[in-house]
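In: generate a structure from the sequence data that follows.
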Amino acid sequence: MSNQHWLLQWLDSYAVTSPRQADELLNKPQALSILREEVEAIQYHAPMINDQRDHSIVAGSEIDLSGELSCSNWECIKRQVDTLFSSMWHYFDRIIVVGPSAHFYNGLWESGTPEERIIELLAGHIRVLLHVRNIGAEDIITFGEKPNAWCAECFTPLVRALGVNSIEDYDPYVNDLIDRFETEAEMGVARSSTGKIGWVQVHHPKFLEEPYILVHDGPSRSEMPEITRRYLAEKVVRRHVEALLCDLGQAQNVRAPLGTTLKFYRQILHEEAGSADEALVAFQMELPILQGVDPEILLKIRHDERDYFDAFRYSLHAAIKERLRESAATDPKEIAQEIRRDVIDPALNTIERRLNAARSALLRKGAVNVGVGALATTCGLLTANPLLIAGGFTTAMTSVAHVNKYIEEARDVSLSDMYFLWRAQKHAKELA
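Out: Model (predicted):
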């Protein structure tokens, strides 16, 4: 089975490579009719995992590129892309995502949703998929639907991940959550001057990062009962819990951990199910030196510096395993912060300090007439010596010992497990 997304396959069949071409194609009735037929024929399938890469993770609903648990606007889903790869580029070889769901679009067509709205949503999702392709991320993405129905045997471990002992206890557990939202959450309803409901908002600071907005094209106040706090609480809680169960189901199917940034998930996942393992610690690893760098640049650095990347990841893997054995912490984020503080940051500081010292010695001796910025980017050129050329052969020969010292330092630090991150920081500044 092809790993390519159904929407990308449709685009490729028309040789579409840009959003402008996609917009033109979406306005051709025959092409759209063909797409609808293809969507209707798509069967549910779990991701096909047929290689041996160990570093895999399932993207949770808020970063799975579907837009179903967040805003479906193109710019908002693009931020999902940035979040997804910024959290995973430094460790994982395979990221399992849903992407735009064929069943979602089939439901829109079957329910009679205006075609203009469907085209608008398709255009946004197409931009996301083309963006993923253009930044070089398509080869580490695996597309697959998430399950939304289970037999009792398969459903039991999912509800236990929520701390629920049995299937019979599931509904009371969800109702307790709804009670809590009904009592504690901040809620608001916006109406037009005619009483028509425009949108509703629910916010619970302990469970939600920001207010959850539900667009509601409901009738006027006189044509329906007042929207109650219970109604809103149930909408938000059930949507999040059901999304989490689908995420857990996919993680269970492919035997990979679930990567999520949602506060709601963290609040309700049972401690044992959400306890730290190597992949979850790696997912929580924040690298401040590269925060805010475009994912395209990060993925290019990873590709160009593959040998150094592999050494870094092996070292990170070993550090995580050791910390899991020895640390009293059980929260993946806390363990990740410990590793960054105790392992990564000191190693990066050591590399910078050693190279600065060797560079300063060169500049003090006047051996090489080259700027500090240029010297800082020559560490990978260990077999040739451009510094001799830059400073002039005769001048360089007078201080060849200092030049050799610098080259030795550069060679030594290049063997550091954290050298990849140091180079990534330098490359990111050059490519930005």
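In: how close does residue 172 get to residue 26?
Out: Remark: distance between residue 172 and residue 26 (C-beta to C-beta, to the nearest Å) = 46 Å. C-beta: built from backbone N, CA, C; applies to glycine.
In: what's the answer for residue 251, then?
Out: Distance from residue 251 to residue 26, by C-beta to C-beta: 34 Å.
In: those two: which has the busier surroundings?
Out: residue 251 (22 against 19; other C-beta atoms under 10 Å).
In: read off the pLDDT value for the more buried one.
Out: On the pLDDT scale, residue 251 is placed at 89.
In: which SS class is it?
Out: helix (DSSP: H, G, I helix; E, B strand; the rest coil).
In: number of residues surrounding residue 153?
Out: There are 7 residues near residue 153, going by other C-beta under 10 Å.
In: isn't there a strand covering it?
Out: No. Read with three-state DSSP, residue 153 is helix and lies in no strand.
In: give me the domain ranges for this protein.
Out: 6-146, 153-274, 327-431 (automatic domain parsing).
In: next, the buried residues of stretch 93-107.
Out: 94-102, 104-105 (16 or more other C-beta atoms under 10 Å).
In: ends of it, what's the gap?
Out: From its first residue to its last, stretch 93-107 covers 33 Å (C-alpha to C-alpha, to the nearest Å).
In: correct me if wrong: residue 131 contacts residue 82.
Out: No. Between residue 131 and residue 82 no contact is recorded; they are 9.6 Å apart, counting by C-beta atoms under 8 Å.
In: report pLDDT for residue 341.
Out: At residue 341, pLDDT is 91.
In: weakest of the domains of the chain by average pLDDT?
Out: Among the domains of the chain, domain 327-431 carries the lowest mean pLDDT (a mean of 64).
In: what kind of secondary structure is the spatially most central residue of the chain in?
Out: Most central in the chain under C-alpha atoms, centre = their mean is residue 84, positioned 1.2 Å from the mean C-alpha point. Using three-state DSSP as the criterion, the local structure at residue 84 reads helix.
In: who touches the closest residue to it other than its chain neighbours in this structure?
Out: Leaving aside its sequence neighbours, residue 84 sits nearest to residue 63 (C-beta to C-beta, 6 or more residues apart in numbering; 4.5 Å). Contact partners of residue 63, counting by C-beta atoms under 8 Å, 6 or more residues apart in numbering, are 80, 83-84, 87, 259-261.
In: now, of the residues you listed, which are buried?
Out: 80, 84, 87, 259-261.
In: what's the closest of the residues you listed to residue 307?
Out: residue 87 (23.4 Å; C-beta to C-beta).
In: which residue, other than its chain neighbours, is closest to the closest one?
Out: Nearest one to residue 87, counting by C-beta to C-beta, 6+ apart, is residue 283 at 6.0 Å.
In: pretty sure that neighbour contacts residue 58?
Out: No. Using C-beta under 8 Å, residue 283 is not in contact with residue 58, being 10.4 Å away.
In: so if I had to pick from those two, which one is more boxed in?
Out: A count of neighbours by other C-beta under 10 Å puts residue 58 above the other of residue 283 and residue 58, at 29 against 24.
In: what segments of the stretch 1-150 of the chain are helices?
Out: Counting by DSSP state H, counting those that start in this stretch, the stretch 1-150 of the chain has helices at residues 6-13, 19-26, 29-41, 74-88, 102-110, 115-134.
In: the second one to helix 74-88, inter-axis angle?
Out: What it means is helix 19-26. 130 degrees (axes from the mean of the first three to the mean of the last three C-alpha atoms, to 10 degrees).
In: in helix 19-26, what counts as buried?
Out: Here helix 19-26 shows 22, 25-26 as buried, counting by 16+ other C-beta under 10 Å.
In: and the longest one, by the same measure?
Out: By neighbour count on 16+ other C-beta under 10 Å, the buried set for helix 115-134 is 118, 121-133.
In: give me the common contacts of residue 283 and residue 58.
Out: Joint contacts of residue 283 and residue 58 (C-beta under 8 Å, 6+ apart) are 257, 259.
In: nearest residue to residue 243 in space, please, no chain neighbours.
Out: Residue 243 sits nearest to residue 61 (C-beta to C-beta, 6+ apart), 4.3 Å away.
In: I'd say that neighbour and residue 68 touch.
Out: Yes. The pair residue 61 and residue 68 passes the contact test of C-beta under 8 Å, sitting 6.5 Å apart.
In: closest to residue 308 out of the domains of the chain?
Out: Per C-beta to C-beta, nearest to residue 308 of the domains of the chain: domain 327-431, 3.8 Å.
In: let me see the ranges of the strands in the chain.
Out: Per DSSP state E, the chain carries strands over the ranges 56-59, 94-97, 141-143, 186-191, 197-203, 212-215, 258-259.
In: what does the second one contact?
Out: Applying C-beta under 8 Å, 6+ apart, the contact partners of strand 94-97 are 47, 49, 53, 55-59, 64-66, 84, 88, 140-144, 250, 254, 256.
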